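Enquirer: Dropping a prediction and its sequence here:
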Amino acid sequence: MLKVEHLTKSFGAIIAVNDVSFSASRGSITIMTGADGAGKSTLFKMILGLVRKDSGEIFLEGSSIDGKFSKVTQITGYMPEKFSLYSDLSVEENLDFFADIQQVCSQRKKEMKHRLLRRTGMLPYRKRKAGALSGGMKQKLALSTILLSSPEMLILDEPTTGVDPLSRIEFFKIMEDLKKEGKTIVMATPYLDEAEKGDFVIFIKKGVKIKEGSIKEIKDTFPAQMYRVLPKGNIFEVMNQLQAKKEVKGHFYIRGRFIKCMCLERPDFLSQLKAKEVKEEEPTLEDVYIYYQRGIHRD
C-alpha cells in the first residue's frame, strides 16, 4: 500500500534520514525501531508532508504521490509522539471536537464514538476530563480520535511511550483487531518486545536503515550463535573479563542476572569462564537488533 524509496533529509550538517526505503502492505503491522534520534519521526513527517524531503519518492497503491500529500493524509490517521488532547474537555467532548475537525457527519460521529469507546474500554469514562486520565487511557483516547474518520492507514509515532505494561498489552490487542479489519499500520517504537508483535520490522540507526525483514525471516537468518552465561561471583567482574577479549569486544551485554554472548562460533574461552551455566539459546529480536546496531556482522 505504502512504499518509500531513497528518502533523505538533512538539517544543516545533520543527516536525519539517509537514503531510506521500505514498504508497508495492506492489512499488516510494520514496526520501525531504533534509539532516540534515529530519524523515525522525521521519516514519518516526510511521508505526511509535514517536513519537506530533500530527495526520494513516496508511492501510494503503486503510484507516486508527486508532492500531493493530500493523497496520503486523506486516508491516514497520524498519532505523533506528543499527541495533544484537551485536558479540560471530557473524553466524549474530545471525540466530538476531533470528529468535527475531521468533518465526520453527525450520525456517523455518534456511531463511531460509541464503537470506539466500547472497543477501547473507555465507555465508563466518557464523562471524565482528559486531564484526569491515566497515561494508558490518554493514548487510547488519542488513538480513538484518529480512528473517527475510519482511515485506511495509521502512522503511529511511539504511541506507548510512558504507558504502563497492562495498557501496552491492551493497545496492541486493538492493533491486532485493526489489522484484521484490513488497516495498514506503520508504527515506531523503542521497545523491542513491542516490535516482536509486528509482521515486518525495520531497524534504524542514525538515519540509516541497517536491517529489515519479517520477524521470522530476521530470526531465521540470524548469523550468530547466542549463549546465555550465568556467572559465578560478581557479574560485572566477569563482564570486564569478557570485554578484555579484543577479538569479541562488544559481543556481550548484561540481561538481568545473565550475560548474553553473540558470536559467529562458540569462543573457546567460554568454557574457561567461572560460570554456573553456559547455554546456547534462540535469539530474541532484542538480540538481533543489538547485533546489527553494534555492527558485529562487520567484525
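Expert: Right, received. Where do you want to start? Because the structure is predicted, anything quoted here is derived from the model rather than measured. Numbering: from 1, shown residues only.
Enquirer: Quick check: G56 is in a strand.
Expert: Yes - using DSSP: H, G, I helix; E, B strand; the rest coil, the assignment for G56 is a strand.
Enquirer: For it, list the residues it contacts.
Expert: Neighbouring residues of G56 by CB atoms under 8 Å, 6 or more residues apart in numbering: 4-8, 19-21, 46. Any C-beta I mention is one placed from the backbone N, CA and C, and that applies to glycine too.
Enquirer: same deal with K179?
Expert: Contacts of K179 (CB under 8 Å, 6+ apart): 27-29, 185, 199.
Enquirer: run the last query once more with 6 Å
Expert: 27, 29 (CB atoms under 6 Å, 6 or more residues apart in numbering).
Enquirer: What of R128?
Expert: R128 touches V91, counting by CB under 6 Å, 6+ apart.
Enquirer: Least confident secondary structure element in the protein?
Expert: None of the helices or strands of the chain scores lower by mean pLDDT, DSSP states H and E than helix 235-243, at a mean of 82.
Enquirer: Heading C-terminal from that one, find the next helix or strand.
Expert: Next helix or strand after helix 235-243 toward the C-terminus (DSSP states H and E): strand 252-255.
Enquirer: List the pairing partners of the very next helix or strand once past that following strand within its sheet, with orientation.
Expert: Beyond strand 252-255 on the C-terminal side, the first helix or strand identified by DSSP H and E is strand 258-263. Strand 258-263 sits in its sheet next to strand 225-231 (antiparallel), strand 252-255 (antiparallel), going by DSSP bridges.
Enquirer: Take these and lay them out in TSV including mean neighbour count, mean pLDDT and distance to T73.
Expert: Output for these, formatted as TSV (neighbours: other CB atoms under 10 Å; pLDDT from 0 to 100; distance: least, CB to CB, whole Å):
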stretch	mean neighbour count	mean pLDDT	distance to T73
strand 225-231	18	87	43
strand 252-255	15	87	41
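Enquirer: Please identify which of those is closest to P159.
Expert: Among those, the nearest to P159 by CB to CB is strand 252-255 (25.5 Å).
Enquirer: Pull the residues that contact that closest one.
Expert: Counting by CB under 6 Å, 6+ apart, strand 252-255 makes contact with 242, 259-261, all of which sit outside it.
Enquirer: again, 8 Å this time
Expert: 235-236, 239, 242-243, 259-262, 290.
Enquirer: now swap in stretch 79-89 and tell me
Expert: So stretch 79-89 is in contact with 41, 93-94, 97, 129-131, 138-139, 141-143, 145-146, 154-159, 161, going by CB under 8 Å, 6+ apart.
Enquirer: before we move on, what about stretch 151-158?
Expert: By CB under 8 Å, 6+ apart, stretch 151-158 touches 1-2, 24, 26, 40-41, 44, 47-48, 72, 75-81, 143, 146-147, 178, 182-190.
Enquirer: Which members of the residues you listed occur in strands, if any?
Expert: Of the contacts of stretch 151-158, the ones assigned to strands by DSSP state E are 2, 24, 76-79, 184-189.
Enquirer: and these as TSV, adding distance to L116, neighbour count and pLDDT?
Expert: Formatted as TSV, the ones in strands among the contacts of stretch 151-158 follow (distance: CB to CB, whole Å; neighbours: other CB atoms under 10 Å; pLDDT from 0 to 100):
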residue	distance to L116	neighbour count	pLDDT
L2	24	22	92
A24	23	22	93
T76	17	21	90
G77	12	22	89
Y78	17	20	90
M79	14	20	88
T184	19	22	94
I185	16	21	94
V186	20	26	95
M187	18	26	93
A188	23	25	93
T189	22	23	90
